[in-house]
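Trainee: Compute the structure for the input listed below.
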Amino acid sequence: MLGFVIQRLIQAAAVMAVMSVIVFVGVYAVGNPVDIVIPPDATQDVREEAIRRLGLDLPLWRQYFLFVGGVLQGDFGRSFIYNEPVLSLIAGRAPATIELVLISVLCATVIGVSLGVYAGYRPHAPLARAIMALSVLGFSVPTFWVGLILILTFAVSLGWLPAGGRGETVLILGVRWSFPTLDGLAHIALPALNLALFKMAMMIRLARSGVREIMLTDTIRFARAAGISEATILRRHVLKLIAAPIITVFGLELGSTLAFAVVTETIFSWPGMGKLIIDSITLLDRPVMVAYLILTALLFVTINLLVDLAYAAIDPRVRSGEAR
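Mentor: Got it, this is the predicted structure:
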């Protein structure tokens, strides 16, 4: 197991090194932030001083190595627009995105897996057919359109839930969270539902296909022939065998939802990292853009590493295959 972990850590470090180069070069090749940061009526001396202060007069390779040196010390630079440390700026928006994503992905997984297991266990039942039809709808409808419909229905027409914002927050361990309050839950309900629908449809189809495949195996036939109850078969055989792919998809979807909750946060005016990156792209705030993308890549690499380790813990064949 130790060799498996070391191999995965080396792979993760190599991926992060390559991604840092791609992200840095890609972001710094787009636009000129000087045109936005510096007023158009500024003198040439002011422009040159600003360019020097921002480090934009250095060659690209030197800017990259200065950036890497700062990152290794925990410094991602300062924002051109907000004039704050980038990590502090992102950390201030992170709790809002984290709680939104965790609630949506957890709800999507619990509900989606439950419905998918039922649809796979009773494939010809009317309810199972309705569940699969809804999963197709969840895949087909664009997220931004669903968000607008949710706002028009529950916020504008019915007036049950707020259309945007984060609502009341409470301070827990130095961080502000909105889910412990009723007002915060009311504000998070619509964006979380909007984020969860696509993930729920994916979990339904994944769980359903896994259950259908397992129910046709000799293991289930022998278990039934031995007189084992259906509840025990589901708990000990079906759920255990479909756990590995569900854990893999859960980790990947958690990372992708954290990274790309931009549309939902924009529609519902949710003050998270997605809205920050949109504003940074608009204003060509390069340090924020680079830091966000690097941290997103690190998030994906970390989640993939944890998923690999969980997968290896569940299925010893993974470890033995890597050893060979």
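
Trainee: In the chain, where is pLDDT below threshold?
Mentor: 1-4, 29-42, 46, 54, 259-260, 311-324 (pLDDT under 70).

Trainee: can you map out the strands along it?
Mentor: 170-172, 175-177 (DSSP state E).

Trainee: What is the distance between the last one and the centre of its chain?
Mentor: It refers to strand 175-177. 19 Å (CA atoms, centre = their mean, to the nearest Å).

Trainee: likewise stretch 60-73?
Mentor: The answer for stretch 60-73 is 27 Å, by CA atoms, centre = their mean.

Trainee: what sits up against that stretch?
Mentor: Here stretch 60-73 makes contact (CB atoms under 8 Å, 6 or more residues apart in numbering) with 20-21, 24-25, 28, 55-56, 58, 76-77, 290, 294. Just so you know, the C-beta spots here come from the backbone N, C-alpha and C atoms, and that holds for glycine as well.

Trainee: what's the closest of the strands of the chain to residue 51?
Mentor: strand 175-177 (37.1 Å; CB to CB).

Trainee: Who are the packing partners of that closest one?
Mentor: Helices and strands touching strand 175-177, by 3 or more CB pairs under 8 Å, 6 or more residues apart in numbering; DSSP states H and E, are helix 86-121.

Trainee: for the helix it packs on, packing partners?
Mentor: helix 126-140, strand 175-177, helix 182-215, helix 239-259, helix 262-267, helix 273-283, helix 286-314.

Trainee: Give me the buried stretch members for it, please.
Mentor: 86-87, 89-90, 93-97, 99-101, 103-105, 107-109, 112-113, 115-121 (16 or more other CB atoms under 10 Å).

Trainee: One more: stretch 253-266?
Mentor: 253-259, 261-266.

Trainee: now those residues as TSV including distance to residue 222?
Mentor: Below are the buried residues of stretch 253-266 laid out as TSV (distance: CB to CB, whole Å):
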residue	distance to residue 222
253	34
254	36
255	38
256	39
257	39
258	42
259	44
261	45
262	49
263	48
264	46
265	50
266	53
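
Trainee: Closest one to residue 238 out of those, please.
Mentor: Using CB to CB, the buried residues of stretch 253-266 come closest to residue 238 at residue 253, 21.4 Å.

Trainee: what about the residue lying closest to the closest one once chain neighbours are set aside, how many neighbours?
Mentor: Counting by CB to CB, 6 or more residues apart in numbering, residue 253 lies nearest to residue 199, which is 5.4 Å off, once chain neighbours are set aside. Residue 199: 25 surrounding residues under other CB atoms under 10 Å.

Trainee: and the gap between the closest residue to residue 192 other than its chain neighbours and residue 308?
Mentor: Nearest in space to residue 192, with sequence neighbours left out and distances taken as CB to CB, 6+ apart, is residue 104 at 4.3 Å. The gap separating residue 104 from residue 308 is 24 Å, by CB to CB, to the nearest Å.

Trainee: Then residue 141?
Mentor: Applying CB to CB to residue 141 and residue 308 gives a distance of 33 Å.

Trainee: Comparing these two, which residue is more hemmed in?
Mentor: Remark: of residue 141 and residue 308, residue 308 carries more neighbours, 20 against 14, as counted by other CB under 10 Å.

Trainee: Residue 262 against residue 276, yeah?
Mentor: No: Residue 262 is not in contact with residue 276 according to CB atoms under 8 Å; the separation is 9.6 Å.

Trainee: what about the residue nearest to residue 136 when sequence neighbours are not counted, distance to residue 134?
Mentor: Nearest residue to residue 136, sequence neighbours excluded (CB to CB, 6+ apart): residue 201, at 7.5 Å. Distance, residue 201 to residue 134, by CB to CB: 7 Å.
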